[in-house]
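**Student:** A structural model of the following input is requested.
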Amino acid sequence: MLPLDADQTAARTWFEHLRDLICAEFEAIEREAGSDAKFDYIAWDREEPSGADGGGGVRGVMKGRVFEKVGVNVSTVGGALDRDFGRTIHGAADDPAFLATGISLVAHMANPHVPAVHMNCRFLTTTKRWFGGGADLNPPLPIAEDTADFHTVLKAACDAHDPAHYPRFRQWADDYFYIPHRQVHRGVGGIFFDHLEGDFTAGFAFTQDVARAFLDIYPRIVRRRMDAPFSGADLATMLEWRGRYAEFNLVYDRGTLFGLKTGGNIDAILMSLPPMATWC
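**Tutor:** Alright, predicted model coming up:
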């Protein structure tokens, strides 16, 4: 494994712990639905073009009765960025060395009334050091109660650190998770933050609280909706909406581009794509 300093090690260790908490909760939901689905884990290694150790990660995927497809990936990778790509990364314009550790999650659900979701947390080191991440809700058939509850919990997590965080990071999510060629948002929003640098302890604590807020609210929404009846028209709407989700991730998503540009695991990078989708 790459040499990590104390801050990088602390972040990596916690992201892996978070993965275990999330996967255990999602497996519990499957058991409640009468399913024995569990996560399959596949470890992968990344090699630098020079042949040096580039780190790696673990891809976790579950396909069940409630979660049609959910991926939870953790990775810690490092090396040297391509010079042109490095100019687009915070703190890497003049020095291409980087290290990134984080967790990324995308869930696509079997019931159209259960919203899909995306969550990620990351700690990056270039000539600067910063946290980024967030969570956003992506319902094919939006329900006001779920949207309000999701935002309320995220706002509370933000307000505990800085009252300015939530309005700023909610707007950032609205601006980022937008599909310009469709002129629609990808979902009903959440929060998105990046380049949270300065004091490691403060940034780490905020990132952890965002993740804990996600783990609090999303399983509650899943349990609330997973047994709701749905029609063929509802299912068709979900499949068409999934096409929009795939378009965003393949055309605009920065995490997808970062993974591809840094030699990440292709299956882990593209686990965000839905198992089925339609384009009308």
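**Student:** other residues contacting stretch 183-195?
**Tutor:** 90, 115-116, 128, 130-139, 142, 147, 150-151, 154, 158, 165-166, 168-170, 172-174, 176-179, 210, 244-245, 248 (C-beta atoms under 8 Å, 6 or more residues apart in numbering). Quick note: C-beta positions are derived from backbone N, CA and C, even for glycine.
**Student:** buried subset of those?
**Tutor:** Buried members of the contacts of stretch 183-195, counted by 16 or more other C-beta atoms under 10 Å: 90, 115-116, 130-139, 147, 150-151, 154, 158, 165-166, 169-170, 172-174, 176-177, 210, 244-245, 248.
**Student:** grab the nearest non-local neighbour of residue 212.
**Tutor:** Closest residue to residue 212 in three dimensions, ignoring its sequence neighbours and counting by C-beta to C-beta, 6 or more residues apart in numbering: residue 157, at 7.2 Å.
**Student:** what's downstream of whichever strand or helix holds that neighbour, the next helix or strand?
**Tutor:** For residue 157, the host element (DSSP states H and E) is helix 144-159. The helix or strand immediately downstream of helix 144-159 is helix 165-176, counting by DSSP H and E.
**Student:** first vs last residue of stretch 88-103, how far apart are they?
**Tutor:** The separation between the terminal residues of stretch 88-103, taken as C-alpha to C-alpha, to the nearest Å, is 21 Å.
**Student:** residues of it that come out buried?
**Tutor:** 89-92, 96, 98-103.
**Student:** quick one: the strands in the chain?
**Tutor:** In the chain, the strands defined using DSSP state E lie at 40-47, 53-62, 67-80, 97-109, 116-125, 129-138, 178-179, 184-185, 189-197.
**Student:** rebuild those as TSV, extending it with distance to residue 229.
**Tutor:** Formatted as TSV, these follow (distance: least, C-beta to C-beta, whole Å):
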stretch	distance to residue 229
strand 40-47	30
strand 53-62	24
strand 67-80	17
strand 97-109	15
strand 116-125	19
strand 129-138	21
strand 178-179	30
strand 184-185	27
strand 189-197	27
